[in-house]
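Engineer: Fold the following and give me the result.
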Amino acid sequence: MIEQRAGAGAQGLEINSFGIGPARLDPAPAEPVRKTGYRPRIHPHSPTRARCSSCGEPAVATRIVDVPGPGLRWHDSCHDCMVAGFKLEQT
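Structural biologist: Numbers count the residues shown, from 1 in each chain. This next block holds a predicted model:
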């Protein structure tokens, strides 16, 4: 699952709630996700598959978040952390 960059409000809440330090997130390009070559970050057979920013499990989803200060960063998530983030955003 891929999410496009959006307002930093809910994303900031999710990153803070999961204890993700912005310095741990990889820098991301300013272009739309679909044009970034994101697939190796989440493809199951990719040798460069990213790890979940929260727990370190293999990532199944990624998105670009705008973090105040460091700027645009990749936020990679495993299935469980992605679902937890959705639930957190709904509360």
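
Engineer: switch to C-alpha atoms for all contacts and neighbour counts from now on
Structural biologist: OK.

Engineer: Name the residue closest to the centre of the chain, please.
Structural biologist: The residue lying closest to the centre of the chain (CA atoms, centre = their mean) is His75, at 1.6 Å.

Engineer: I figured that residue hits Ser53, correct?
Structural biologist: Yes - in this structure His75 lies within contact range of Ser53 using CA atoms under 8 Å: 6.2 Å.

Engineer: Find residues that contact each of those two.
Structural biologist: By CA atoms under 8 Å, 6 or more residues apart in numbering, His75 and Ser53 have these common neighbours: Leu25.

Engineer: so where does Pro40 fall, helix or strand?
Structural biologist: Per DSSP states H and E: Pro40 is located in helix 39-42.

Engineer: roughly how far is that helix from the heart of the chain?
Structural biologist: 12 Å (CA atoms, centre = their mean, to the nearest Å).

Engineer: Would you map the helices across this structure?
Structural biologist: Counting by DSSP state H, the chain has helices at residues 8-17, 39-42, 79-90.

Engineer: Export only the CA atoms of stretch 83-91, formatted as PDB.
Structural biologist: Extracted in PDB, the C-alpha atoms of stretch 83-91 (Å, rounded to 0.1, in the frame of the first residue of the first chain):
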ATOM      1  CA  VAL A  83      -2.800  -1.100  10.800                       C
ATOM      2  CA  ALA A  84      -2.000   0.400  14.200                       C
ATOM      3  CA  GLY A  85      -1.300   3.800  12.400                       C
ATOM      4  CA  PHE A  86      -4.700   3.700  10.600                       C
ATOM      5  CA  LYS A  87      -6.500   3.000  13.900                       C
ATOM      6  CA  LEU A  88      -4.500   5.800  15.600                       C
ATOM      7  CA  GLU A  89      -5.500   8.300  12.900                       C
ATOM      8  CA  GLN A  90      -9.200   7.400  13.300                       C
ATOM      9  CA  THR A  91      -9.200   8.200  17.000                       C
END
